Every structure is written in structure tokens, then in C-alpha cells.
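Enquirer: This is the structure alone, sequence omitted:
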């Protein structure tokens with residue numbers, strides 16, 4: 001019996017997103033065709049999300065006009081750790097194709113925004129900055145793209161700047177991590193830390209899996225390091 005999943009996916013994808021939507025629909029449909037009926041629905045949802053992540057990844061990778069091996073390796077390792085190694089070759093082939101296409105960054109971001117909570121959106125920004133930093137240098141164009149994504153994801157500027165600051169070494173960035181000005185009072189610093197500690201606590205993303213839990217712990221540790229450094233500078237108790 002012929003398999004029509006990929007063509008149905010392509011047709012629906014074209015209706016939603018034109019040529020690029022058809023391309024992605026074909027890919028997801030193929031995934032359905034190549035799998036048994038048992039448990040297919042949940043796996044397709046996972047693949048659909050992974051494709052969206054690949055599209056945002058592609059936007060950051062090509063933001064500076066270069067496609068670097070370090071960035072591709074970072075994405076591949078993330079995909080394996082997060083979604084497993086199944087079909088990883090196909091997904092990386094898909095990434096290469098996406099890198100050659102134009103698509104609506106807004107549309108993809110809004111689709112993700114509708115389906116994940118705020119803590120997961122912050123985790124996604126951390127991942128995108130990880131791509132940008134994977135070659136040892138964050139290009140301003142990469143920051144610009146990630147900032148656009150953050151806006152579409154409905155992440156406020158304070159939270160965006162906090163995540164961004166975690167990827168820079170300058171001592172002044174520790175205040176940005178807490179989301180306060182350097183002129184803030186000690187009480188304001190303490191209040192800001194407590195607010196961010198709740199927002200960045202690893203338990204917030206534990207439901208996303210081990211890879212995200214580890215990244216959440218890393219983000220939380222950077223917050224604590226920034227706060228400890230400020231307390232030391234100020235002689236705070």
C-alpha cells in the first residue's frame with residue numbers, strides 16, 4: 001500500500017507556509033510514513049518541535065553571513081542529547097537545506113511561543129546564544145537575530161539582557177544578569193536576585209528533560225556567581 005504521509009504533509013505545509021512549509025511538511029510526513037502507528041502521534045509532535053528549533057538555529061547560524069562547523073556541531077550535539085540520535089542524519093540534512101532558504105522568523109517563533117512556557121523560552125534563548133558563542137565569538141548580527149526571536153517569544157528586555165550577559169566575561173555584566181543597574185541599592189539587588197532565582201530555578205525546566213535541566217543548572221549557577229560577586233564587591237551580608 002502506498003504511503004501518502006509525506007505528500008499530505010507537503011500539501012498542508014504549503015497552505016500554512018508556502019514553499020518552505022511544504023518542504024518541512026514533506027519531511028514530517030516522511031517521518032510518519034517511516035514509523036509504525038503505535039506512538040506515532042507523540043513522536044511526530046516531538047519532530048515538529050525539533051524542526052522549529054532547527055529553523056531558529058539556522059537563523060542564528062547564518063546571521064553573520066558564515067556557516068561554521070563549530071555551530072553545526074553544537075546544534076547536532078544538542079539535538080542528539082535532547083531528541084535522541086534517531087534520524088539525526090536526516091535532521092542535519094534538513095538543517096543544511098533550511099540554511100539555504102528564506103522563511104518567516106516571526107511565524108516560526110510565534111508558533112513556538114504558543115506551545116512552550118516562559119521558562120522554556122528562556123532556555124531556548126540560552127541555547128541560541130550557545131550557538132552564537134560556539135565559535136568563541138558572538139557576532140553583533142547574531143545578537144540582533146536572537147533579540148528579534150526574543151521579542152516574538154514575548155520575552156522582555158530585562159530577561160533577554162540577563163541571558164545575553166551570561167555569555168560575556170566583562171565584570172559589569174553581572175548587574176545585567178540580575179536585571180538591575182549598577183547604581184541599584186543593596187535592597188534592590190537582593191530583591192532582583194530573589195526574583196531571578198525563582199525565574200531561573202532548574203526545577204522550572206525539569207519537565208523538558210535532562211539536557212534542559214543541566215542547562216538550567218548552569219544558568220542558575222551563573223546567576224548565583226553574579227550575585228556573590230556583587231555581594232563581595234559591596235561587602236553585603
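Expert: Perfect, I can see it now. Since we're looking at a predicted model, the values are computed, not measured. Numbers count the residues shown, from 1 in each chain.
Enquirer: CA only for contacts and neighbour counts going forward, please
Expert: Noted.
Enquirer: dump the residue contacts of residue 196.
Expert: Counting by Cα atoms under 8 Å, 6 or more residues apart in numbering, residue 196 makes contact with 178, 223.
Enquirer: Please, which helix or strand holds it?
Expert: helix 186-200 (DSSP states H and E).
Enquirer: Pull out the buried positions in that helix.
Expert: Of the residues in helix 186-200, 189, 190, 192, 193, 196, 197, 199, 200 count as buried by neighbour count, 16 or more other Cα atoms under 10 Å.
Enquirer: So the last one is in contact with residue 120, correct?
Expert: Right, residue 200. No: contact criterion Cα atoms under 8 Å: residue 200 and residue 120 do not qualify, at 10.1 Å.
Enquirer: And the residue nearest the centre of the protein?
Expert: residue 124 (2.5 Å; Cα atoms, centre = their mean).
Enquirer: Give me the local confidence score for that one.
Expert: At residue 124, the pLDDT value in this model is 92.
Enquirer: just to revisit the earlier point, which SSE is immediately downstream of the helix holding residue 196?
Expert: helix 210-234.
Enquirer: Report the inter-axis angle for that following helix versus helix 186-200.
Expert: Put simply, helix 210-234 runs at 170 degrees to helix 186-200, going by axes from the mean of the first three to the mean of the last three Cα atoms, to 10 degrees.
Enquirer: Tell me which residues are up against helix 210-234.
Expert: Residues contacting helix 210-234 (Cα under 8 Å, 6+ apart): 81-82, 123, 166, 174-175, 177-178, 193, 196-197, 200-203, 205-206, 237.
Enquirer: And the helix or strand residue 143 falls within, what's buried?
Expert: Using DSSP H and E, residue 143 sits within helix 140-152. Residues 142, 143, 145, 146, 147, 148, 149, 150, 151, 152 are the ones in helix 140-152 that count as buried (16+ other Cα under 10 Å).
Enquirer: how about TSV for those residues, with distance to residue 132 and pLDDT added?
Expert: Putting the buried residues of helix 140-152 into TSV (distance: Cα to Cα, whole Å; pLDDT from 0 to 100) gives the following:
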residue	distance to residue 132	pLDDT
142	6	97
143	8	97
145	10	98
146	9	98
147	12	98
148	14	97
149	14	97
150	15	97
151	18	97
152	19	96
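Enquirer: Starting from residue 183, give me the distance back to the closest residue to residue 85 other than its chain neighbours.
Expert: Sequence neighbours aside, residue 79 is the residue nearest to residue 85 in space, at 7.6 Å (criterion: Cα to Cα, 6 or more residues apart in numbering). Applying Cα to Cα, to the nearest Å, the value for residue 79 to residue 183 is 41 Å.
Enquirer: More neighbours: which of those two?
Expert: With neighbours defined as other Cα atoms under 10 Å, residue 79 and residue 183 compare such that residue 79 has more, 20 against 9.
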